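S.K.: kindly return the folded structure for what I paste below:
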Amino acid sequence: MGGSVQQMKRNILGIIPARFGSSRFEGKPLVDIHGKPMIQWVYEASIQVLDYVVVATDDSRIERAVQSFGGRVVMTSTDHLNGTSRCVEALEKFELAEKLSFSAIINIQGDEPMIEPDVLGALKKSLESDKVELATLVSEVTDPKDLYNEGEAFVTLDRMGNALYFSRSVIPFVRNFPKEEWIHHHLFYKHLGMYAYSREGLYRFSNLLPSSLELAESLEQNRWLEAGFKINCAIATSKSIPVDTPEDLNRVLAVWKK
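M.R.: Numbering: from 1, shown residues only. Predicted coordinates for the structure are as follows:
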């Protein structure tokens, strides 16, 4: 075999968790962006890459909105603490309803209206290796202002493209230079918050207990790293603006012309 990576074709389900309640921006999946609710932009980009996409929600308003544009949707519990456990429930309900079985899942952020299909394609490609249980998307930091954005999560990578650590602080710390110059002395990566799992990886992750690093950073992916597993990082080249606040929505509307 010469050490080559085995290629395989996985049957993939794209799941878009969508909650109506949000402390920073209530109802954001349904905000209007150029004549469509935000969740519709995400769904339509995703269905260009994946044969099966479903919105997982606990709110009937989102359910009706998805049904109105012809999307697939499943209702999930209101008790989930994170998107991963919601994905498990959505996977099982969708498989039962459609009489299908999936070997991999991509957890797609519902607040990324500008997402490009090729970005999801990069994440899908990471699942071609049977060695990958969990993969995610990162992008290079090119704007020094991002190093001061408290809404960003940063990640450091090893030489194989696997994550070493995720933090809400800028990592690594560049010694002997002022922070405004760091971007000229090191390549920084920010996390885009989408995940691809093998089926086994999804269940393994959901069965792990929250870890100390996860709780400290409020970043659930550190649970997987702290347990000793790897996260493969696909690098996205196109730019997107996640919508966490009304101010983010205004940024999207200002720069994204449809």
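
S.K.: quick check: domain ranges of the protein?
M.R.: 11-115, 116-239 (automatic domain parsing).

S.K.: start and end of the first one, how far apart?
M.R.: Length of domain 11-115, first residue to last, C-alpha to C-alpha, to the nearest Å: 22 Å.

S.K.: buried sites along the helix with the most length in the chain?
M.R.: Secondary structure of the chain per DSSP state H: the longest helix is helix 83-98. In terms of neighbour count (16 or more other C-beta atoms under 10 Å), helix 83-98 has its buried residues at 83, 84, 85, 86, 87, 88, 89, 90, 91, 94. Bear in mind the C-beta positions are built from the backbone N, C-alpha and C, glycine included.

S.K.: now swap in stretch 208-225 and tell me
M.R.: Within stretch 208-225, the residues scored as buried using 16+ other C-beta under 10 Å are 211, 213, 214, 217, 219, 220, 221, 222, 223, 224, 225.

S.K.: which one is the most centrally placed residue in the chain nearest to, not counting chain neighbours?
M.R.: The centroid of the chain falls nearest to residue 194 when counting by C-alpha atoms, centre = their mean (1.4 Å). Leaving aside its chain neighbours, residue 194 sits nearest to residue 137 (4.9 Å; criterion: C-beta to C-beta, 6 or more residues apart in numbering).

S.K.: whichever strand or helix holds residue 139 packs against which elements?
M.R.: Element membership of residue 139, judged by DSSP states H and E, is strand 134-140. When contacts are defined as 3 or more C-beta pairs under 8 Å, 6 or more residues apart in numbering; DSSP states H and E, strand 134-140 sits against helix 117-126, strand 189-198, strand 232-235.

S.K.: got the CA positions of the helix or strand just after the shortest one in PDB?
M.R.: The one in question is strand 232-235. Downstream of strand 232-235, the first helix or strand assigned by DSSP H and E is helix 246-255. Extracted C-alpha coordinates of helix 246-255, given in PDB (Å, rounded to 0.1, in the frame of the first residue of the first chain):
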ATOM      1  CA  PRO A 246     -27.500  42.600  14.600                       C
ATOM      2  CA  GLU A 247     -24.200  44.400  13.900                       C
ATOM      3  CA  ASP A 248     -22.900  41.400  12.000                       C
ATOM      4  CA  LEU A 249     -26.100  41.300   9.900                       C
ATOM      5  CA  ASN A 250     -25.500  44.900   9.000                       C
ATOM      6  CA  ARG A 251     -21.900  44.000   7.900                       C
ATOM      7  CA  VAL A 252     -23.300  41.200   5.700                       C
ATOM      8  CA  LEU A 253     -25.900  43.500   4.100                       C
ATOM      9  CA  ALA A 254     -23.200  46.200   3.500                       C
ATOM     10  CA  VAL A 255     -20.700  43.900   1.700                       C
END
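
S.K.: what residues does helix 246-255 touch?
M.R.: The contact list for helix 246-255, computed with C-beta atoms under 8 Å, 6 or more residues apart in numbering, reads 25, 28, 31, 33, 34, 113, 114, 241, 242, 243.

S.K.: again, 6 Å this time
M.R.: Contact partners of helix 246-255, identified using C-beta atoms under 6 Å, 6 or more residues apart in numbering, comprise 25, 31, 241, 243.

S.K.: which of the residues you listed tops the neighbour count?
M.R.: residue 243 (25 neighbours; other C-beta atoms under 10 Å).

S.K.: mind listing what that residue touches?
M.R.: 28, 111, 249.

S.K.: what's the closest of the residues you listed to residue 236?
M.R.: Nearest to residue 236 among those, counting by C-beta to C-beta, is residue 111 at 15.6 Å.

S.K.: can you map out the strands along the chain?
M.R.: Ranges of strands in the chain, per DSSP state E, are 12-18, 32-33, 36-37, 52-57, 73-75, 104-107, 134-140, 154-157, 163-167, 189-198, 232-235.

S.K.: reformat these as a markdown table; add distance to residue 180 and mean pLDDT.
M.R.: Converted to a markdown table, the strands of the chain look like this (distance: least, C-beta to C-beta, whole Å; pLDDT from 0 to 100):
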| stretch | distance to residue 180 | mean pLDDT |
| --- | --- | --- |
| strand 12-18 | 36 | 95 |
| strand 32-33 | 33 | 94 |
| strand 36-37 | 39 | 96 |
| strand 52-57 | 41 | 96 |
| strand 73-75 | 45 | 96 |
| strand 104-107 | 35 | 96 |
| strand 134-140 | 18 | 95 |
| strand 154-157 | 16 | 98 |
| strand 163-167 | 19 | 98 |
| strand 189-198 | 17 | 93 |
| strand 232-235 | 25 | 94 |
